[in-house]
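Trainee: Mind looking at a prediction? Sequence and model below.
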Amino acid sequence: MQYPDSVALIDALSQRVLRHLPPSAWRQLFLSPGAEALQFTQVRGTLLCAAAQMPAWTTAPVASLRDLEFLARAHGGELDPCPQASALVSFDDPHAALAMAIELQQLGGEVRYQVGMATGECTLATLALEGIAVPVLVGGAVDEVEAVARQAAPGSIRIAPGTYREVEEALARITSCMVATEYEGEELAAASLTMAPRASAFLSTFAGLGLT
């Protein structure tokens, strides 16, 4: 079996498998791996990274993960089973990634998400575990989109320059959001999309008190 040149790539994959899969799976893959256990392919696509910001009074983000899984399938995305830090979804179409990001923020309820989007190449590691192929993305655009998401304000969508250029026309047609662009000199550094506040039933009721 031939590994990618970067030792850091293998280490990142090892840590993610150990964090999300049983220890027996890690031992199978990294202590005595066979040629069929790990396969690597370079792929290109648009990645969406989402980190849930949970209110202090909520419980574990089980419902949040369920929402992510549902939206990923609905928009044709693939949810990574072993994200490095936050939920990671891959898309062939950047517009599908944008549609999911917007819907995620609109349906978040009490949960606010830091969402990042980036387009580029990364390594698809296909793990063969007990006859089941488990696809995990690592390196390249994965690192970029996670860095972009960390810089996003809760409730917003931060978009890397390459992805922004691909969806710029679609963003111009969305009336329920505000788009802000950031530059380093004359170069676009990032764009941030902030959705209009959701209507609040409590505030609507409060505002109507005393009116006749």
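Mentor: Noted; the coordinates are in hand.
Trainee: what secondary structure does the nearest residue in space to residue 86 that is not next to it in sequence sit in?
Mentor: In space, and not counting its chain neighbours, residue 86 is closest to residue 51: 3.9 Å by C-beta to C-beta, 6 or more residues apart in numbering. C-beta: built from backbone N, CA, C; applies to glycine. Of the three states, residue 51 takes strand according to DSSP: H, G, I helix; E, B strand; the rest coil.
Trainee: May I ask which helix or strand of this protein has the lowest mean pLDDT?
Mentor: helix 201-208 (a mean of 39; mean pLDDT, DSSP states H and E).
Trainee: What count of nearby residues applies to residue 105?
Mentor: A count of nearby residues for residue 105, using other C-beta atoms under 10 Å, gives 22.
Trainee: which element follows the lengthiest strand in the chain toward the C-terminus?
Mentor: As assigned by DSSP state E, the longest strand anywhere in the chain is strand 112-129. Later in the chain than strand 112-129, the nearest helix or strand by DSSP states H and E is strand 132-138.
Trainee: those helices in the chain, which residues are they?
Mentor: Listed from the start of the chain, the chain has helices (DSSP state H) covering 7-20, 23-30, 62-74, 94-106, 141-150, 161-172, 201-208.
Trainee: Out of those helices, the one nearest residue 83 is which?
Mentor: Closest of these to residue 83 is helix 7-20, at 7.2 Å (criterion: C-beta to C-beta).
Trainee: which secondary structure elements does the longest strand of the chain contact?
Mentor: helix 7-20, helix 23-30, strand 38-53, helix 94-106, strand 132-138, helix 141-150, strand 156-159, helix 161-172 (3 or more C-beta pairs under 8 Å, 6 or more residues apart in numbering; DSSP states H and E).
Trainee: TSV for the ones you listed, including mean pLDDT and distance to residue 76?
Mentor: Written out in TSV, the entries for these read as follows (pLDDT from 0 to 100; distance: least, C-beta to C-beta, whole Å):
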stretch	mean pLDDT	distance to residue 76
helix 7-20	84	23
helix 23-30	85	27
strand 38-53	90	11
helix 94-106	94	5
strand 132-138	88	15
helix 141-150	94	17
strand 156-159	96	18
helix 161-172	94	15
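Trainee: Of these, which is nearest residue 195?
Mentor: Taking C-beta to C-beta as the measure, those were each checked against residue 195, and helix 94-106 came out nearest at 5.0 Å.
Trainee: List the contacts of the closest one.
Mentor: Under the criterion C-beta atoms under 8 Å, 6 or more residues apart in numbering, residues 46-48, 50, 67-68, 71-72, 74-77, 89, 91, 113, 115, 117, 119, 155-157, 163, 166-167, 170-171, 174, 177, 193, 195, 198 lie in contact with helix 94-106.
Trainee: Alright, calling it a day.
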